[in-house]
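**Student:** Structure, please.
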Amino acid sequence: MTTFWVVLNVVVMLVLVGFLLWLQKKHISFTKRVFAGLGLGIVFGVILQLVSKPDSDVVTKSTDWFNLIGYGYVGLLQMIVVPLIMVSIISAIMNLKGRQNLGKISASIIAVLLITTAIAASVSIVTSLSFNLKAIEIQSGDKEQQQGAKLEERLGDVKDQTIPQQILEFIPTNPFADMTGARRSSTLAVVIFSAFIGIAVLGLDKKKPEQADTFRKMIDAVYAVVMRIVTLVLRLTPYGILALMAKTIATTNADSIVKLIKFVGASYVALIVMFIIHLILLALFGYNPAKYVRKVLPTLVFAFTSRSSAATIPLNVETQTKKLGVPTGIANLAATFGATIGQNGCAGIYPAMLAVMIAPTVGIDPFSWDFILTLILVVTISSFGVAGVGGGATFASLIVLSTMNLPVALAGLLISVEPLIDMGRTALNVNDSITAGVITGKILGENDKEVFNKDVDLDVATA
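**Tutor:** As a prediction, the model looks like this:
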């Protein structure tokens, strides 16, 4: 009987995929198809929740097949991340002209990311205290205790590292290994390696201009091919979102959400407040928040469903350049830096909220200004090198909690609602990187405001 229901669920998924394909052939806009995939995924996931338990064999085996579409799509995006980062940054740097300066661009992006992370930590602290969140109020089961034990084991990998040692990890001692994602700081290491190549080409302009020109032509050709691959992969976005959302909803335990509804609610209040702060910052720099939201929403929806800042990099860059008018070089640096530095959701809001919840268990007053200011500083500094994939928030929390001398095992109490919260955190992370790109471009006078003002849909179907 189980096999029958699994086959039926897979058939329904294929029918929904066929419907999205029909919308594409009818030339329905990319944005509308993305939201159609999101809506269908939610509805299908809710139906699976109602007819089966989240951990039943039917749901487990059905979602395993859904993963072929959902995680297959995410895998294809991850496939193109490193080539896209490398050729984009090399191309952007070697083509720098006049007043454009790599140091100014990088400094501006990092400054925006870190400042917003500090603000995010402050928002999280205020929200946690307002909701009166306490770790001692959360019941611990076998699953939570096992997760707590795992967190303590992972702490052993990072607790002995000083901040200078963590910064040293960013150096690409083996760039080819970093291209495979061998380390949590691999993405940033690839960025640094690519920057060195671009700078080297600029140096060749004076000494060996012919070789520099030959290399430029080669990179331009590779860039064109890579961007074509990106276009082909992005066409699959509505289908990937459909499958990812269906699985997430179907496998989320509703009972656990009810038990931790206070924490879930506080988390999303903090995330929404921080998103509004992003919009206020953009408005201060002369950008219409409503128009901005319309343009970035499909990208944020994918980040929400995929729970991966790194996998969202291709769509992030496309959105910044083609819909917001940010130059390619700035967009690539902002998207890649934002996937590993200053993530507002994973490295800002989440660790700060956990720290405030856990502090009373060891006799620390969370209302103390010494505790609050120290926590904001620690969160901001610790936001360097957070992995841009699922689990990055956990790693950031380990660093913050251990630095603040708080028990990390208590973070395992939230494992049952982790996926639900992680979706919102990832969307905020990506929005922060986009915000950093737009603001940096504006500060340096490089943005094309006409592109932002145009109501153009990123329709990759016909690209």
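
**Student:** Verify the stated contact: residue 187 with residue 84.
**Tutor:** No - look at residue 187 against residue 84 with CB atoms under 8 Å: they stay out of range, at 11.3 Å. Backbone N, C-alpha and C define where each C-beta goes, glycine included.

**Student:** Compare neighbour counts for the two and give me the winner.
**Tutor:** Applying other CB atoms under 10 Å to residue 187 and residue 84 shows that residue 187 carries more neighbours, namely 26 against 23.

**Student:** per-residue confidence for the more buried one?
**Tutor:** What the model reports as pLDDT for residue 187 is 76.

**Student:** gap between it and residue 90?
**Tutor:** 15 Å (CB to CB, to the nearest Å).

**Student:** The closest residue to residue 382 other than its chain neighbours is in what secondary structure piece?
**Tutor:** Among residues not flanking residue 382 along the chain, residue 399 sits closest, at 4.5 Å (CB to CB, 6 or more residues apart in numbering). Element membership for residue 399 (DSSP states H and E) is helix 392-403.

**Student:** And for residue 447?
**Tutor:** Using DSSP H and E, residue 447 maps to neither a helix nor a strand.

**Student:** Now do the contacts for it.
**Tutor:** 324, 325, 326, 327, 438, 441 (CB atoms under 8 Å, 6 or more residues apart in numbering).

**Student:** helix/strand/coil for the third one?
**Tutor:** The one in question is residue 326. coil (DSSP: H, G, I helix; E, B strand; the rest coil).

**Student:** That one: how many residues sit nearby?
**Tutor:** Per other CB under 10 Å, the neighbour tally for residue 326 reads 29.

**Student:** related to what we said a few turns ago, other SSEs contacting the helix holding residue 399?
**Tutor:** Counting by 3 or more CB pairs under 8 Å, 6 or more residues apart in numbering; DSSP states H and E, the packing neighbours recorded for helix 392-403 are helix 142-158, helix 350-358, helix 369-382, helix 418-443.

**Student:** so which of those gets nearest residue 114?
**Tutor:** Nearest to residue 114, of all the helices and strands packed on helix 392-403, is helix 369-382, at 5.7 Å by CB to CB.

**Student:** who touches that closest one?
**Tutor:** Outside of helix 369-382, the residues within contact range by CB under 8 Å, 6+ apart are 114, 117-118, 121-122, 125, 163, 342, 347-348, 351-352, 355-356, 359, 364-366, 396, 399-400, 403-404.

**Student:** which among these end up buried?
**Tutor:** Buried by 16 or more other CB atoms under 10 Å: 114, 117-118, 121-122, 125, 342, 347-348, 351-352, 355-356, 359, 364, 366, 396, 399-400, 403-404, out of the contacts of helix 369-382.

**Student:** OK, contacts around residue 37?
**Tutor:** By CB under 8 Å, 6+ apart, residue 37 lies in contact with 20, 237, 238, 239, 240, 241, 242, 245.

**Student:** could I get stretch 120-139 in CSV with only the CA atoms?
**Tutor:** The C-alpha coordinates for stretch 120-139 follow below in CSV (Å, rounded to 0.1, in the frame of the first residue of the first chain):
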residue,chain,number,x,y,z
ALA,A,120,20.8,42.5,13.4
ALA,A,121,22.3,41.3,16.7
SER,A,122,20.8,44.4,18.5
VAL,A,123,17.4,43.7,17.0
SER,A,124,17.6,40.0,18.0
ILE,A,125,18.5,41.0,21.6
VAL,A,126,15.6,43.4,21.9
THR,A,127,13.2,40.9,20.4
SER,A,128,14.4,38.0,22.7
LEU,A,129,14.1,40.2,25.8
SER,A,130,10.6,41.4,24.6
PHE,A,131,9.4,37.9,24.1
ASN,A,132,11.1,36.8,27.4
LEU,A,133,12.7,33.8,25.7
LYS,A,134,14.3,31.3,28.1
ALA,A,135,16.1,28.0,27.3
ILE,A,136,14.9,26.5,30.6
GLU,A,137,11.3,26.7,29.4
ILE,A,138,12.0,24.4,26.4
GLN,A,139,11.5,20.6,27.0
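
**Student:** So that it lines up with my notes, have the first residue be 642 from now on.
**Tutor:** All set: I'll call the first residue 642, so the last point we hit is now stretch 761-780.

**Student:** average pLDDT for it?
**Tutor:** Per-region confidence: stretch 761-780 scores 85 on mean pLDDT.

**Student:** now do stretch 1003-1011
**Tutor:** pLDDT averaged over stretch 1003-1011 gives 90.

**Student:** start to end distance for that stretch?
**Tutor:** Its start and end residues considered, stretch 1003-1011 measures 16 Å (CA to CA, to the nearest Å).

**Student:** just how off-centre is it within its chain?
**Tutor:** From the chain centre to the centre of stretch 1003-1011 is a distance of 31 Å (CA atoms, centre = their mean, to the nearest Å).

**Student:** residues near residue 839, how many?
**Tutor:** The number of residues packed around residue 839, counting by other CB under 10 Å, is 20.

**Student:** so what's it up against?
**Tutor:** When contacts are counted by CB under 8 Å, 6+ apart, residue 839 touches 730, 731, 732, 733, 734, 735, 743.

**Student:** Tell me the secondary structure at the nearest residue to it once chain neighbours are set aside.
**Tutor:** Distance criterion CB to CB, 6+ apart; nearest residue to residue 839, sequence neighbours excluded, is residue 734 at 2.7 Å. Look at residue 734: counting by three-state DSSP, its state is helix.

**Student:** I'd guessed residue 734 sits against residue 837; true?
**Tutor:** No - with contact defined as CB under 8 Å, residue 734 does not count as touching residue 837 (9.2 Å).

**Student:** Helix or strand: which one has residue 884?
**Tutor:** If you go by DSSP H and E, residue 884 is part of helix 878-892.
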